[in-house]
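Peer 1: Quick one, structure for this:
(chains A and B)
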Amino acid sequence: MSIDIETAARVAKLARIKVEEEDLPALAGEFNAILGFIEQLQELNVDDVEPMTSVTPMRLKRREDVVTDGNQQAKVLANAPDAREGFFAVPKVVE
Amino acid sequence: MSDLNKLTIAEARDALRKGETTSVALTEACLAAIDGADALGAFAHKTPELALERAKAADARVAAGDAPDMCGIPVGIKDLFCTEGVPSQAASKILEGFLPQYESTVSGQLKDAGAVMLGKLNMDEFAMGSSNETSVYGNAVNPWKAGNGDDLLTPGGSSGGSASAVAADLCLAATGTDTGGSIRQPAAFTGTVGLKPTYGRCSRWGIVAFASSLDQAGPMTKTVRDAAIMGRAMMGHDPKDSTSADLAVPDFEAMLTGDIRGKVIGIPKEYRMDGMPEEIEKLWHQGAEMLKDAGAEIRDISLPHTKYALPTYYVIAPAEASSNLARYDGVRFGHRAKLAQGDGITEMYEKTRAEGFGPEVKRRVMVGTYVLSAGFYDAYYNRARKVRALIKKDFDDVFAAGVDSILTPATPSAAFELGKEVSDPVEMYLNDVFTVTVNLAGLPGVAVPTGLDRQGLPLGLQLIGRPWEEGDLLNTAYALENAAQFVAKPAKWW
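Peer 2: Below you'll find the model as predicted:
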């Protein structure tokens, strides 16, 4: 498995991280080094193994489906880069 | 009393209760030490006023006879913990200016117990790194130096600031977090004790998430006794973390008898690595002899899937990171990039994340994105989860065969130079080769300083315990500590 520049660009896009054109070859090279390392996992036969979902066998706790918190608009917005009229503000999404 | 910052938690607690010192005096001694140690880069955000305020409140509690063990003890908090009203940015540019409106459960428990926060400690960005060189704050530096050399060494990572601060006596103890070895490797590099509890012991609520199925907070201290005291204060069930274990936390300190007669200590043959320095091999052997002399039975064991632990980790951790770090999008908190005319929301995400994340974080987020992407999910992510199950089974089998704890080296080398060019990211990942299995299997592990190498740098051994049996594990660590008699301290140069 080898990652080409096009795949590197696609992954960057999926991850929503802007990568300049000229940096893509180096990025593809790093991916290949890491994936080459990961490749060892293909040696093992894992046919009858269940993938791990929880490291300590436990059942997730359930709770009442009720409101436990709220009325904290100021706190919720306190760290927003751009908050207006009680909302998070972002660039226009719909035309 | 002189040199109050050099006390252990246990010594300070006892002195406070006897009225021989005050929390204010302890705190002032630490604050002075911190101000004189900027060269170590350990503290990223100092909170002296808050510390003195909490110290005064702690002194009042001690006077009133209402003082838990941690009351009045000055500690450092890793920057990964959200602390109310105090910068908490996971050493990342993307969280610049972020002021949490809430307190993480673990730091909150310490606060409620009366512990005094001195400030926030340096670390690798989002806890991704093994040398504390990926931090937006710059490197944290190891107070230890090799021989008469002048080279600055890494304190390890990701809890590098915590390790440096504890080793240099800037605080009595510190919190750390450990996803692949981030408590135990820095502890080993700095001659300190680092405990990673069983997964689920410490609540993850309010700790900036890296890889949620692996992350676990723990204490970084000067002694095993201190790890027992502080660990107990950090652990406990929290309904706000769905993976938090609803189990009682015993009094670990009371379990430190040093009596390990009849305990079975496993020595896994797979941890004998090619190219491992002879000194580490020797130290490992000596550690086994020490435990044997204390009455334990030493047994050779096999953990056959050990060599697959690192590649498994480097699928699972980036996959979980890519998911967790999706929240840094420039909308609700942290950094947002300046946008050009006509930029839409996608450009905002892409530019914000490109500016806000450092190279290692970007690399891991993208590797995670790749292994989770359509067509590769089964080949990488699902396969890694299956191998993880095999790695855990290795441990289940040896524990079922009667092994109480497992002794291994903590790191494949002593602390190395900062700034050493690492061209291959995989090379840096090898630092975690002895520690990462423990996270994958969710087990408790502790690094104990056991000796010095020929350059005078500390080396540590790791003990791995059964799930939920931190008390027994710490008692074995206590026996090792007693036998090793590690008392060396770094010569002050900073």
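
Peer 1: least trustworthy helix or strand in chain A by mean pLDDT?
Peer 2: Within chain A, no helix or strand scores below helix A:24-38, which has a mean of 92 by mean pLDDT, DSSP states H and E.

Peer 1: Would it count as contacting chain B?
Peer 2: Yes: Helix A:24-38 is in contact with chain B by Cβ under 8 Å from any Cβ of the partner chain, via A:27, A:30-31, A:33-35, A:37-38. In short, each C-beta sits where N, CA and C put it, glycine included.

Peer 1: among those residues, which ones are buried?
Peer 2: Buried by 16 or more other Cβ atoms under 10 Å in any protein chain shown: A:27, A:30-31, A:34-35, A:37-38, out of the residues of helix A:24-38 next to chain B.

Peer 1: Could you list the alpha-carbon positions for stretch B:54-74 in PDB?
Peer 2: This file holds the C-alpha atoms of stretch B:54-74, laid out as PDB (Å, rounded to 0.1, in the frame of the first residue of the first chain):
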ATOM      1  CA  ARG B  54      -6.200  28.400  48.100                       C
ATOM      2  CA  ALA B  55      -3.200  27.900  50.500                       C
ATOM      3  CA  LYS B  56      -4.800  30.300  53.000                       C
ATOM      4  CA  ALA B  57      -8.100  28.400  52.700                       C
ATOM      5  CA  ALA B  58      -6.200  25.100  53.200                       C
ATOM      6  CA  ASP B  59      -4.400  26.500  56.300                       C
ATOM      7  CA  ALA B  60      -7.800  27.300  57.800                       C
ATOM      8  CA  ARG B  61      -9.000  23.800  57.100                       C
ATOM      9  CA  VAL B  62      -5.900  22.300  58.700                       C
ATOM     10  CA  ALA B  63      -6.500  24.500  61.700                       C
ATOM     11  CA  ALA B  64     -10.100  23.400  61.900                       C
ATOM     12  CA  GLY B  65      -9.000  19.700  61.900                       C
ATOM     13  CA  ASP B  66     -10.800  19.100  58.500                       C
ATOM     14  CA  ALA B  67      -7.800  18.300  56.300                       C
ATOM     15  CA  PRO B  68      -7.700  15.400  53.900                       C
ATOM     16  CA  ASP B  69      -4.300  14.100  52.900                       C
ATOM     17  CA  MET B  70      -3.900  16.500  49.900                       C
ATOM     18  CA  CYS B  71      -5.000  19.600  51.900                       C
ATOM     19  CA  GLY B  72      -2.500  22.400  51.500                       C
ATOM     20  CA  ILE B  73      -0.200  20.400  49.200                       C
ATOM     21  CA  PRO B  74       1.100  22.600  46.300                       C
END
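
Peer 1: if we can go back for a sec, show residues contacting the next helix or strand after the least confident helix or strand of chain A.
Peer 2: Counting by DSSP states H and E, the next helix or strand C-terminal to helix A:24-38 is helix A:73-77. The contact list for helix A:73-77 (Cβ atoms under 8 Å, 6 or more residues apart in numbering or on different chains) reads A:83, A:86-88, B:101, B:332.

Peer 1: just stretch B:342-354 next, same as before
Peer 2: A:15-19, A:90-93, B:94, B:328-330, B:335-337, B:339-340, B:362, B:365.
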